[in-house]
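Student: pasting the structure only:
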């Protein structure tokens, strides 16, 4: 169900104009207005889901194949060397619009580092404890 006050619902359903690069019954893919690199696009489902935890299985099963299709088209048309598939869940994870969406960010040789982290180190005991906590919630 779409949410009346959600800007991404309005964009995905054509109520607010956007540069659309792909559309089907489930998704609209648009160019990001604040791109991290040339060609940065957003996959928006037409139905409202706050985040990946609310996403239904049928819609979820279509997201990665669509990301691959659009990403392949980016490599062919833009000449990018690769692309990132980024999906944020929750404010602390960088989600700023609370409508599930996927960023497709073309990456160019010699371009800036955008998605990286410093690898931490955990003891086998800490890993076992953390793994047990997650398993218990499944």
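Tutor: Received it, and whenever you're ready, just let me know what you need. As the structure is a computational prediction, the values presented were derived from the model and not from experiment. Residues are numbered from 1 along each chain as shown.
Student: centre of the chain to stretch 93-101, how far?
Tutor: 9 Å (Cα atoms, centre = their mean, to the nearest Å).
Student: again, but for stretch 16-34
Tutor: For stretch 16-34, the distance to the chain centre is 13 Å (Cα atoms, centre = their mean).
Student: tally of neighbours for the residue nearest to residue 111 when sequence neighbours are not counted?
Tutor: The shortest distance from residue 111 to any non-neighbouring residue, by Cβ to Cβ, 6 or more residues apart in numbering, is to residue 37 (6.3 Å). Heads up, the C-betas are built off the backbone N, CA and C, glycines and all. Using other Cβ atoms under 10 Å as the criterion, residue 37 is surrounded by 18 other residues.
Student: do residue 51 as well
Tutor: 16.
Student: all further residue positions should be reported with the first residue as 541.
Tutor: Taking 541 as the first residue, the last one we looked at is residue 591.
Student: touching, it and residue 629? I think so.
Tutor: Yes - using Cβ atoms under 8 Å, residue 591 makes contact with residue 629 at a distance of 4.3 Å.
Student: which neighbours do those two share?
Tutor: residue 635 (Cβ atoms under 8 Å, 6 or more residues apart in numbering).
Student: ok, back up a step: and the residue nearest to residue 651, how close does it get to residue 551?
Tutor: The gap separating residue 577 from residue 551 is 21 Å, by Cβ to Cβ, to the nearest Å.
Student: any weak-confidence spans in the chain?
Tutor: Applying pLDDT under 70 to the chain flags residues 541.
Student: give the buried residues for whichever helix in the chain runs longest.
Tutor: Looking across the chain with DSSP state H, the single longest helix is helix 597-618. For helix 597-618, burial by neighbour count (16 or more other Cβ atoms under 10 Å) applies to 602-603, 606-607, 610-611, 613-614.
Student: pick out the residue nearest the middle of the chain.
Tutor: residue 642 (1.6 Å; Cα atoms, centre = their mean).
Student: the nearest residue to it once chain neighbours are set aside pairs with what?
Tutor: Excluding the flanking residues, the one nearest residue 642 by Cβ to Cβ, 6+ apart is residue 583, at 4.2 Å. Applying DSSP bridges to residue 583 yields these beta-bridge partners: residue 569, residue 642.
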